[in-house]
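[1] task: produce atomic coordinates for the following.
(chains A and B)
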Amino acid sequence: MKRLVAAACFAAVSICSHAAQPDAGAALDPELAAYAPAQGVAGSIKSVGSDTMNNLMTFWAESLQRFYPGVSVEITGKGSSTAPPALTEGQASFGPMSRQMKSKEIDSFETAWGYKPTLLKTGIDCLAVYVHKDCPLDEISIDQVREVFSVDGPDMTWGDLGVDDPAYKFQRVVLYGRNSASGTYGYFKQQALGDSDYKASVKEQPGSSSVVQAVGTDRFSMGYSGLGFRTQQVKALAIVDEFGDAVEPKASTAFDGSYPYARFLYIYINKDPNRPLDPLREEFVRLIFSREGQESVLKDGYFPVNAYIARQQLEQLGLNPGF
Amino acid sequence: MSLTRDSAADASRPAADRAFQGSARVRAADRTAALVISAGGLSVIAAVVGICVYLAYVTLPLLAPGRIDSAEAVLNTALTTEQGLLVDEYMHTAAWVQPDATVQHRVLGDGQPVATHRFPLDEGDAEIRVVDVDDISGLVLAQSDSALAWATATYSYSVIADGEPPSHAETLPDDRYRVARLEYRLLGSVQIDRPVVAADAIESRRRRLVAAIDAEGRLQLWSVQRSRSLLGDGAEGRPRAIDAKAIEPLADAVRVVLLEDNQCLVLGKDGRFQRVLIGRAHATVSERGRLWETPEELSEVDTLIGDRTVITASTDGRLALWWVAFDPLDRSDVGELVKGPPLRSVDSVVTSLAPSHRERVLLVGASDGTVRALHASSGKQVAETTLGEPVAALALSPKTDGFVAASSSGYTFGSLRLGHPDVTARSLFAPVLFEGQLEPQYVYQASGATDAAEPKLSLVPLIFGTIKATIVSMIFATPIAVLAAIYTSEFMPKRARRIIKPMIETMASLPSVVLGFVAAMVVAPFVAEHLSVVLASLVVVPLLVVVGSGVAGLRVRPSNEAHGSIALPAGVLAVAATAVGLSIVLSGPLERALFGPDRADVLLLAGSVEPTAEGAELVPVEPVTDAARSRVDELTEEFARPTVGLKSWLGGVFGDARAGWFAILAPLSAAVFALAVWPFTLGRLAAVRGASWEPIAKVAVSCFFGALAGLVLAQLLFVLGWDPRDTIVGVFTQRNTLVVGVVMGFAIIPIIYTISDDAIQSVPASLRAASLGAGATRWQTTVRVVLPVAASGIFSASMIGLGRAVGETMIVLMATGNTPIMEWNIFEGLRTLSANIAVELPEAERGGTHYRLLFLCGVVLFIMTFAVNTTAEIVRQRFRKRNAML
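    I've put the predicted structure just below:
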């Protein structure tokens, strides 16, 4: 049954997703090295976790299989919250997450394995607030986002957000979001809602692409999702920050932190701090932080990490970055 | 087992009987069959019992109480513990914050010193005094004569696999050792000109706030901007004072507490408080008052994880929770301090509070030596233990699996098991007052991204959603399925039935995920786009089909041959198609007439007129410009577009209750009239019974009286102040119950149809023959003879359909938006128990509260379907007993 949902969601993705236009400001750090394949790598990789990073994991898996045709990869992406249980129970070797683990999730992992999971920052995403492409609204303030989506504000019409178009002014803003398994759901709750609850009327979609798809077909709707899911049917709003500046979600604003909902895309792995990583996982991690790996990040509509971060991540695992 | 009993019975039978059973081979086959069948039956029973046992096995631990086990006591430590105690994650070492803000890091088990850390502020010889210690973040605020400084004491751990470990290392399995190190790092400091009596610091999203009060109760505030860059290390800038000069000092102020959302609470010794809102550069008082009216004094104050809830203890042993709540409907609301659900008070004086780092749990230590663990959301006491001496200080381990309690002679530490404190009968089934809210509510929001998120576990919205989806889909499916069954088995030619019945049954083989997908991607947008047409056809199609059949009844003789003709179904289809066409044509004018705005509404919305103070009169806004006129025209045009007027009316933009009540009640009254009132009264009075134009007259008169009743009732309900927009209709959203009802209806129609059809088919042919032979028409035979006999079967068909609807998952999962709302509004979404399980199970940690709660959802679902099926079975048995005489 779950497979079928996944299939259905995948169909939705294929129907409506187009690779988002890469941002002109987002470029690969020239210091990142090209991937140098190693010898004798085989086995299988299983990844369970984020839906936001599902396509990205697939891209990386495909590159890995180009270098090592014998390697098999299985990727499930039903939401970041599915990663910690899978890692704890040993069902997955990689746990992509679009939020950081909660302390309780780390506790369970540690109880099972005796050490904490290792956190890798693999890319950068802007969580975008989407509206239908024909919607006259172009920007929204941080406070308005909180009022619209959280129980702290009343049910809003487009007029409340400053839209004067008669077709919109008196219509209720219809809200779409992710289900609670999603890291996007959690991160948005934390950053945009100030940890307040979502309105019960925010419709929970099983995948980020379904959110964008729903917003694209419902012209009075608003939803949030990763920037990698942007399609022609929707438009990402600029966010007006506390200083009154409208900030577009793009690479430069994500990096300097002026876009308020920028975040890292993480991968958690189960690594014993006193043992080296096995060759297969080592090569996968190296690939992620190579030129090819970060090109995939760009291709999927997210922003690559720079060489400094890439180096940090590899060194953290006891690997020599080589650049 | 059953085999031996059978053979025993076999042996005792007379020989002639045995001979009748045939050859040895047949007997062997019989025995094998008996064995296989009883084994199958037993394993079914075993499976059902096994599932029930497993459900109980997973859900029953929810009721298990927590436990505190105090293990070891270490005496004569020569440490002062009142200031603060920071325990490491593995409960191996702890750090005692001393009055001079030095930190003594020691091994818990034997009190062996690990290290002593001085407060990292270089002030020469000046005396440093600790002001505040935050157990959760490890932040220590201390002051010298001229400065207030804050530093964090944080643990880091390393595992040593080989080599000689230091004596304070913790031994792990496999000859490994873990060493806990404490780092004491200065974060910032500000100059002060007089000593402070209390201070607090909080780390919010983009700035750190520091607050201090001096002996006169004057409040001072500083904010420290934090680096926003993703690539940065969260470096903090220089502290900047926030202007709080305008704030009147609170006499006898003893504590200051900073909360999230820029709130600051200054607390006086006698329970008076002053709430301050901290802006970017200025702070203002937003509320003043008293926490209690009685003469008790404040004894202890702390905040729960998330820094939104304050716990206070007063000298009479009473504990209370407080938070700032805002009215969500009033955007200018400054909020008010709200008292949370009651916590059990202590018989003596509360001496120490220790909040958990992970949950909304706190440990309360008292002067009578008791240590109690309380859960703040449910008010439930999780566990309790008594120590020999008054508790001077308490600390919880970061993982909330252990505690340290200090007394004058030393300290005791031990383990703590919480169980599942979030789950109580009240938190599942009664409205709960949650953090930050004004009123108790039913809320389901089981998880958040942070530890601070309070789980809201009310099952009521989910049960409500399940019932709502079921009712709506049954209203749609049952009449269609049962009427279709009656038609195919009683009236349709045999050869057509041989094709139609399997076709409908094939519908049942459509995977529900496909139906869900179609509902979400096709039906929902279609209904949203053509709402008025869809609603109009829900009324027009049945009406016209009945009229059409009536007209056909005039022309076709009610002989048996007539039913063999294909003309009738074709005719009905044609009429239905015409009805849809008519709905398309009629919906526009109907919508404008019933749900369009009147001139005054448009003028008001365009801002051309304003209501007077009395609210009765509208006065024009002068001067009337061309822009204002064109605005009115624009709006008029917009609301005249298909579905816009209707959706705006549903959203409460304009219009009153009458239009809605009329649209709902007129067709209903007409139907009630036609079905219930006519046959018993008017039909007889009018003496048209049996006349060839009876059906037409019936429909016309029903429509007339229906419309009349609709008008009267609508006016009546309007006068009573009831609005349908608060009940069964309301704001329109694309993923709504109507769509789910229709599509789920499609999923259950085949089941209800096929079982009803079988039930009708199984009515003995002799009954039909007798009825027809006595001169009854086919219709009379069906209604008076066949249906009463088949009623039990039809009823159980509906119940099985109902059972399927209750448990249906994929359609509701994909087509509703899964919003746990408690409204009957059929244009809003819902969340069912089954969809909730499907959505949340992958994220639930095995054995955790959430995981067990989802199994509890399964138990509730099981109880619901069990109740439905049992009712169905009882009713069916009763009918069957009655019919057994036939």
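[2] pull the longest strand from chain B.
    Determined from DSSP state E, the single longest strand within chain B is strand B:176-191.
[3] okay, buried residues for the next helix or strand after that one please.
    Elements were assigned by DSSP states H and E; along the chain past strand B:176-191, the next helix or strand is strand B:196-203. When burial is assessed from 16 or more other Cβ atoms under 10 Å in any protein chain shown, strand B:196-203 yields the following buried residues: B:196, B:198, B:199, B:200, B:201, B:202, B:203. Every C-beta, even on glycine, is put in place using the N, C-alpha and C of the backbone.
[4] may I see those organised as CSV, with pLDDT and distance to residue B:861 added?
    Shown next, in CSV, are the buried residues of strand B:196-203 (pLDDT from 0 to 100; distance: Cβ to Cβ, whole Å):
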residue, pLDDT, distance to residue B:861
B:196, 92, 57
B:198, 93, 52
B:199, 94, 52
B:200, 94, 47
B:201, 93, 48
B:202, 92, 43
B:203, 87, 43
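[5] the longest strand of chain B near chain A anywhere?
    Yes - using Cβ under 8 Å from any Cβ of the partner chain, strand B:176-191 reaches chain A at residue B:176.
[6] relative to that strand, what are the paired strands and their orientations?
    The strands beside strand B:176-191 in its sheet (DSSP bridges) come out as strand B:147-160 (antiparallel), strand B:170-172 (antiparallel).
[7] returning to that earlier point: closest to residue B:153 out of the buried residues of strand B:196-203?
    Nearest to residue B:153 among the buried residues of strand B:196-203 is residue B:201, at 13.5 Å by Cβ to Cβ.
[8] run through the bridge partners of that closest one.
    Counting by DSSP bridges, residue B:201 is bridged to residue B:210.
[9] distance check, it against residue B:307.
    Between residue B:201 and residue B:307 the distance is 11 Å, computed by Cβ to Cβ, to the nearest Å.
[10] surely residue B:107 and residue B:91 touch.
    No - using Cβ atoms under 8 Å, residue B:107 makes no contact with residue B:91, being 10.8 Å away.
[11] those two: which is more packed in?
    The neighbour comparison of residue B:107 against residue B:91 (other Cβ atoms under 10 Å in any protein chain shown) goes to residue B:91, with 21 against 18.
[12] list the contacts of the nearest residue to the more buried one once chain neighbours are set aside.
    Among residues not flanking residue B:91 along the chain, residue B:402 sits closest, at 4.3 Å (Cβ to Cβ, 6 or more residues apart in numbering or on different chains). Residue B:402 makes contacts with B:87, B:91, B:396, B:413, B:414, B:415, B:416, as judged by Cβ atoms under 8 Å, 6 or more residues apart in numbering or on different chains.
[13] so what's residue B:402 bridging to?
    residue B:415.
[14] and for residue B:157?
    Here residue B:157 sits in beta bridges with residue B:180, going by DSSP bridges.
[15] check contacts around it.
    Contact analysis of residue B:157 by Cβ under 8 Å, 6+ apart lists B:88, B:89, B:90, B:178, B:179, B:180, B:181.
[16] residues contacting the fifth one?
    So the one you mean is residue B:179. Residue B:179 is in contact with B:157, B:158, B:159, B:160, B:165, B:166, B:168, B:169, B:170, counting by Cβ under 8 Å, 6+ apart.
[17] which of the strands paired with strand B:176-191 has the lowest mean pLDDT?
    Lowest mean pLDDT within the strands paired with strand B:176-191: strand B:170-172, a mean of 87.
[18] in chain B, what residue is nearest chain A?
    At 2.3 Å from chain A, residue B:449 is the closest residue in chain B, using Cβ to the nearest Cβ.
[19] what pLDDT does that residue get?
    75.
[20] so it sits against residue A:185, correct?
    Yes - using Cβ under 8 Å, residue B:449 makes contact with residue A:185 at a distance of 7.3 Å.
[21] if I look at residue B:528, how far off is residue B:649?
    15 Å.
[22] closest to the centroid, which residue in chain A?
    Centroid-nearest residue in chain A, with Cα atoms, centre = their mean: residue A:52, separated by 4.0 Å.
[23] list the contacts for that one?
    A:77, A:80, A:98, A:125, A:182-184, A:208, A:225-226, A:228-229, A:265.
[24] ok, now residue B:837?
    Residues counted as contacts of residue B:837 (Cβ under 8 Å, 6+ apart) are B:809, B:854, B:857, B:858, B:861.
[25] now residue A:130: closest residue in space, sequence neighbours ignored.
    Residue A:130 sits nearest to residue A:234 (Cβ to Cβ, 6+ apart), 4.4 Å away.
[26] what's across from the one you found in the sheet?
    residue A:132.
[27] sorry, back to before: my guess is the residue of chain B closest to chain A is in a helix, correct?
    No - checked against DSSP: H, G, I helix; E, B strand; the rest coil, residue B:449 lies outside a helix; its state is coil.
[28] so what's the residue count around residue 271?
    Since no chain was named, I'll use chain A. Using other Cβ under 10 Å, residue A:271 is surrounded by 23 other residues.
[29] chain B, not that one
    If you count neighbours by other Cβ under 10 Å, residue B:271 ends up with 18.
[30] that one contacts residue B:298, doesn't it?
    Yes - under the criterion of Cβ under 8 Å, residue B:271 makes contact with residue B:298 at 6.1 Å.
[31] for these two, list the residues in contact with both.
    Common neighbours of residue B:271 and residue B:298 (Cβ under 8 Å, 6+ apart) are B:291, B:314.
[32] who's in contact with the helix or strand residue A:309 falls within?
    Using DSSP H and E, residue A:309 sits within helix A:307-316. Here helix A:307-316 makes contact (Cβ under 8 Å, 6+ apart) with A:29, A:31-32, A:118, A:120-122, A:285-286, A:289, A:294, A:305, A:320-321, A:323, B:231.
[33] ok, and the closest non-adjacent residue to the residue in the stretch 151-300 of chain A that chain B sits nearest to?
    Using Cβ to the nearest Cβ, the point where the stretch 151-300 of chain A gets nearest to chain B is residue A:186, with a distance of 2.3 Å. Leaving out its chain neighbours, the residue that sits closest to residue A:186 by Cβ to Cβ, 6+ apart is residue B:449, at 2.3 Å.
[34] quick one: contacts for that neighbour?
    Taking Cβ under 8 Å, 6+ apart, we find residue B:449 in contact with A:99, A:102, A:183, A:185, A:186, A:187, A:189, A:190.
[35] for it, give its distance to residue B:346.
    35 Å.
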